[in-house]
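In: Compute the structure for the input listed below.
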Amino acid sequence: MAAPFTSIARVVTLNLLRIVTGLLFMQHGVQKLFGMLGGRQVESIASMIGLAGILEFAGGLLIVLGLFTRPVAFVLAGEMAFAYFMAHASRAFWPIMNGGELAALYAFIYLFFAAHGGGDYSLDGWIRSKRAEQTHSVGERLNATSRVG
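Out: Next up is the predicted model:
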């Protein structure tokens, strides 16, 4: 009885973590790109902070949708590691003391998604299931053809 619950809990929590992480991350991009949510709009999107805003907004949206999850998450993990070492690490050794705990946490969550993907309830999962259906359908047709001949 525990196995079905555990299986369902894994699917649900993976997808919830992906969606919530993406929505929270997008807010940082909204602050930088649009000056909303208490943020200050960047003067140029061609700047390092402008690029970060694009990655945070567009990358967060792709994470929410679960589209290209693995490569996007890998890029975002790199962005967060870069942000940590550029803006926080020189202040103090411990992330809680240098203000970098959020960047460190995002980096490791995105590494998790790069390794595990977006889950069944993502666009990646939907595409994967459609491809599997097509492959199965083609296999059935080939088997039926080989039996006739």
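In: Tell me the gap between the helix or strand harbouring Q27 and the middle of its chain.
Out: Per DSSP states H and E, Q27 falls inside helix 2-34. Computed by Cα atoms, centre = their mean, to the nearest Å, the separation of helix 2-34 from the middle of its chain amounts to 8 Å.
In: ditto for stretch 111-130
Out: Distance, centroid of stretch 111-130 to centroid of chain: 10 Å (Cα atoms, centre = their mean).
In: quick one: average confidence on the helix or strand where L105 lies?
Out: According to DSSP H and E, L105 maps onto helix 101-116. For helix 101-116, the mean pLDDT works out to 98.
In: Please apply the same query to stretch 132-149.
Out: 69.
In: quick one: contacts for the residue nearest to the spatial centre of the chain?
Out: Closest to where the C-alpha atoms of the chain average out (Cα atoms, centre = their mean) is I63, at 3.5 Å. Counting by Cβ atoms under 8 Å, 6 or more residues apart in numbering, I63 makes contact with 18-19, 21-22, 25, 69, 72-73, 76, 113, 118. Glycine gets a C-beta too; all of them are placed from N, C-alpha and C.
In: ok, A46 - how many residues close by?
Out: By other Cβ atoms under 10 Å, 8 other residues sit near A46.
In: follow-up on the earlier one: name the helix or strand for the residue nearest to the centre of the chain, please.
Out: helix 48-65.
In: just the angle between that helix and helix 2-34, please?
Out: 150 degrees (axes from the mean of the first three to the mean of the last three Cα atoms, to 10 degrees).
In: how far is helix 48-65 from where the chain is centred?
Out: 10 Å.
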